[in-house]
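Asker: mind folding the following:
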Amino acid sequence: MQITKDSSTLLYVHDPMCSWCWAFARAYDELIERLPDGVEVIRILGGLASDSDDPMPEDMKDYLSQTWATIQLQVPGTEFNFDYWSQCQPRRSTYPACRGVIAARQQGAEWDSVMTRAIQHAYYLSARNPSDNSTLIDVADEIGLDRQKFEQDLVSAETQQTLMDELAFSRKMGIQGFPSLVLVRNKKGYGIPVDHNSVDNMISAIHRHLAS
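Answerer: Okay, here's the model as predicted:
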């Protein structure tokens, strides 16, 4: 991550299969629109769950389904398609989706956020499984990416190394949950409390640190 000494950078650490990140989508869009001039945004993949071919245990399914219901209460307007739990075979594995974002990014930086949102829509609204490479490839094709290049990049050593680098960076920053926001100013990091329901609170915190 290249952060210059005199710059102000907002780090957004997320996972495309993190349900709280999905709930943060609308607030994130507004936050980016309202950022003070001169603040650059860098998106970093945090990686919730490593690669696994094992079916998700029933207790984990129940826990995550209940988390979705809790989010709907705490962040009004957040939608989930609960058919996912009966129509798919969930695996506790989010690294494939993270690699999907990186592979999309290799066709242009603007595809990072587009692919992230497309994965979220496929997962949370259409009951499709982003732990499967086949789903990620279809989603990439649907949003207009070069399917063949994406398919190659998805499983490349370079993509895997980029993911490992971003995971290491987020851990070095002390990130323990997603989504997370860190304002870096003069190479010093300031945690910005994530507020799913109030962009004003986040903007105020950013302004305070910029002014200090």
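Asker: how far does stretch 105-115 stretch from start to finish?
Answerer: 8 Å (C-alpha to C-alpha, to the nearest Å).
Asker: contacts for it next, please.
Answerer: Identification of contacts with stretch 105-115 by C-beta atoms under 8 Å, 6 or more residues apart in numbering yields 16, 43, 100-101, 104, 139-140, 143, 145-146, 149-150, 153, 159. Just so you know, the C-beta spots here come from the backbone N, C-alpha and C atoms, and that holds for glycine as well.
Asker: can you rerun that using 7 Å?
Answerer: 43, 100-101, 104, 140, 143, 145-146, 149, 153 (C-beta atoms under 7 Å, 6 or more residues apart in numbering).
Asker: list the buried ones in stretch 92-112?
Answerer: 92-107, 111-112 (16 or more other C-beta atoms under 10 Å).
Asker: start and end of it, how far apart?
Answerer: Stretch 92-112 has its terminal residues 22 Å apart, counting by C-alpha to C-alpha.
Asker: surely residue 72 meets residue 82?
Answerer: No. Using C-beta atoms under 7 Å, residue 72 is not in contact with residue 82; the gap is 10.1 Å.
Asker: circling back: and the contacts of stretch 105-115, which of them are in strands?
Answerer: Within the contacts of stretch 105-115, residues falling in strands by DSSP state E are residue 43.
Asker: low pLDDT regions in the protein?
Answerer: Where the chain drops to pLDDT under 70, the residues are 1-6.
Asker: correct me if wrong: residue 178 contacts residue 16.
Answerer: No. The pair residue 178 and residue 16 does not pass the contact test of C-beta under 7 Å, sitting 10.0 Å apart.
Asker: bridging residues for residue 12?
Answerer: Residue 12 forms beta bridges with residue 43, residue 181, as assigned by DSSP bridges.
Asker: thank you kindly, that will do.
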